[in-house]
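1. Any chance you could fold what I've pasted below:
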Amino acid sequence: YSLEQLGAGHCMSGPAILIGANSTIVVEPGCEAVILSSGDISIKVGEAGTKVVGTELDTIQLSIFSHRFMSIAEQMGRVLQRTAISTNIKERLDFSCAVFGPDGGLVANAPHIPVHLGAMQETVQYQMRVLDDDLHEGDVILCNHPSAGGSHLPDLTVITPVFYSGQKKPVFFVACRGHHADIGGITPGSMPPHSHSLLQEGMCVKSFKLVNRGVFQEEGLVQLLMEPGKLPGSSGTRNLHDNLSDLRAQVAANQKGISLVHLLIDVYGLDVVQAYMKHIQSNAEVAVREMLQEIASLSKTRTGSTVLQAVDHLDDGSPIALKVTIDAATGSAVFDFSGTGPEVYGNCNAPRAVVLSAIIYCLRCMVGHDVPLNQGCLAPVKVIIPKGSLLAPSDTAAVVGGNVLTSQRLVDVVFKAFQACAASQGCMNNITFGDEVVGYYETVAGGAGAGPRWHGRSGVHSHMTNTRITDPEILERRYPVVLKQFALRAGSGGDGEWHGGDGVVREMLFRRPVTLSVLTERRAFQPYGLKGGEAGACGRNLLKRSDGRVVNIGAKASIDIQQGDCFELRTPGGGGFGAAGQLETDNGEPAAKRPCRAQSHFTARGSVEQYRLLQESA
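-> A predicted model of the protein is given here:
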């Protein structure tokens, strides 16, 4: 109601909103507002009635529960960031937190790292199968092995079952996955560019009770962290203090999640909370099915088929092939990776959990409206991965690059099959350096691919990574480097009606001898353009010796750096979309020509931006 249009004697029953020039008054349900002759407003407060929320689906309650579950994961992340001490978790935010149902399926997550989130439910479900009845209140499980749902070894997953009064089995699970800068292995930073077996990459754990009935198992943990040192040429963790502190922080984050889940159950009841957990997952499933049906219809109209295909290659020439067969009637799809290359001798093998992460991320991106990323997104999808391929390697295969490089190529292949957008930089640009007393790890931004209605953003993390870069002041204070340059790499994005984003140039001067490891991709094959758009520029890794020599060290290398040497990283750009003047709209009509290189003003907003601001305030 507009207050200007109300006169004496008007009566409004709640719920109602009274809007004036300088104020807004909310009349709650059960209350009554009356306009007095003096112009004042008298509100008669009725008896407070509590609405009983049942297990049946209510769209408003669905939205409320979606945000409540996501809020739990976000608050877990805040606790982890505040209590961790490592640069990797506290500053770069290389961690993820999520809530899982009693079946281990993903329910909700905070907007953390996509490559973590899809894979974590595989980890939770593995522990449920292995431990079964050996899960008790006060237990916390540690895991990082690829065959147990892990991504790569430095990502340590901490899982805590949530018990509730009167229930013998866990009613939920909470988990967080954080990247530890060193867990042992053949190079400082535990990201060896030339590893050929899993044991060379650091500590391997399939299932270990980090906390057993409330007792932190520090002695057993230290033994695990030092175990890689028994391998010739390898070392145990080089930063035990940070490992122990950050794992305690992960346990604390899970404990925060447990208390919030308990609070939610206390308010609504266990049956209601678990019912809405299923409603949220069903909602995501329906959204994906509708999206697949729409894509099948468009594909049938344009090509006469509902089969989508794409192939892309890693820099060593290994193909990643995908055929997507969509059933338009049911909105289901089969993702078949037959034709993908065999397990590689290097470390770009990707475990199944990483493949599922890439698929669930792509499906969530292509859904046209806001639904939480959860296991419901994968319900309409069947995934076929040939055994022995680089996407289903043996248990002992090296995988450290699969999580950070192959995962990005998987996303490019999926989006290429669906013709959703051009390729982004296709790499996380992993840079690690250190010695026996210090270790540092970072991933560096590049160009994002353009799409049918947008230019690719420049100098951003894209797709499966979502970390921050370490502040220059913190980098130079804590580590023996000077940041000489960090700038956009002009012209590296592919041209087109919609142009790809530019990569970056990052140059560091080393103040003392260290071992430098680089683990990168897109140094041989360019990020593709679509619909006539040009490809983005390849990346390049240059070492500038103190004597003036400049050496191209290649995509993957581990080098002894001397004092005064500089490392210059040039990251790839994103591909362009559409040839100028030839871009089509969804209905096949030519779109209006747009300026080619001008970046339009962009105002950051939405839940992800609000979360970023909260993280920075910490």
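
2. all helices for this protein, in order.
-> 59-83, 87-90, 114-131, 218-226, 240-268, 270-303, 352-366, 400-401, 407-418, 472-478, 607-617 (DSSP state H).

3. Report the beta-bridge partners for Val26.
-> Ile17 (DSSP bridges).

4. That one and Cys365, how far apart?
-> Applying Cβ to Cβ, to the nearest Å, the value for Val26 to Cys365 is 37 Å. In short, each C-beta sits where N, CA and C put it, glycine included.

5. okay, the helices of the chain, which one's buried deepest?
-> helix 400-401 (a mean of 29; mean count of other Cβ atoms under 10 Å).

6. about what we covered before: which one of the helices of the chain lies closest to Gly578?
-> Closest of the helices of the chain to Gly578 is helix 407-418, at 14.7 Å (criterion: Cβ to Cβ).

7. Next, format the helices of the chain as CSV and append distance to Asp565 and mean pLDDT.
-> Formatted as CSV, those follow (distance: least, Cβ to Cβ, whole Å; pLDDT from 0 to 100):
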stretch, distance to Asp565, mean pLDDT
helix 59-83, 33, 93
helix 87-90, 22, 90
helix 114-131, 31, 89
helix 218-226, 30, 96
helix 240-268, 26, 96
helix 270-303, 49, 93
helix 352-366, 33, 91
helix 400-401, 24, 93
helix 407-418, 28, 96
helix 472-478, 16, 93
helix 607-617, 33, 64
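
8. So for Phe335, which of the ones you listed sits nearest?
-> Closest among those, using Cβ to Cβ: helix 352-366, at 6.1 Å.

9. Please write out the alpha-carbon positions of the closest one in CSV.
-> Taking Å, rounded to 0.1, in the frame of the first residue of the first chain, the C-alpha atoms of helix 352-366 are listed here in CSV:
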residue,chain,number,x,y,z
ARG,A,352,37.0,-40.7,-12.3
ALA,A,353,36.1,-38.2,-9.6
VAL,A,354,37.7,-35.4,-11.6
VAL,A,355,35.8,-36.4,-14.7
LEU,A,356,32.5,-36.3,-12.8
SER,A,357,33.5,-32.9,-11.4
ALA,A,358,34.0,-31.5,-14.9
ILE,A,359,30.7,-32.8,-16.1
ILE,A,360,28.6,-31.6,-13.1
TYR,A,361,30.2,-28.2,-13.4
CYS,A,362,29.4,-27.9,-17.1
LEU,A,363,25.9,-29.0,-16.7
ARG,A,364,25.3,-26.5,-13.8
CYS,A,365,26.8,-23.7,-16.0
MET,A,366,24.5,-24.5,-18.9
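
10. Please enumerate residues in contact with it?
-> 114-119, 122-123, 146, 149-151, 284, 288, 291, 295, 335, 337, 371, 373, 377-378, 381, 383, 385, 391-392, 402-403, 406-407, 410-411, 414-415, 418, 420, 463-464 (Cβ atoms under 8 Å, 6 or more residues apart in numbering).

11. Mind doing that once more with 6 Å?
-> When contacts are defined by Cβ atoms under 6 Å, 6 or more residues apart in numbering, helix 352-366 is touched by residues 114-115, 118-119, 122, 149, 151, 288, 291, 373, 377-378, 391, 402-403, 407, 410-411, 414, 420.
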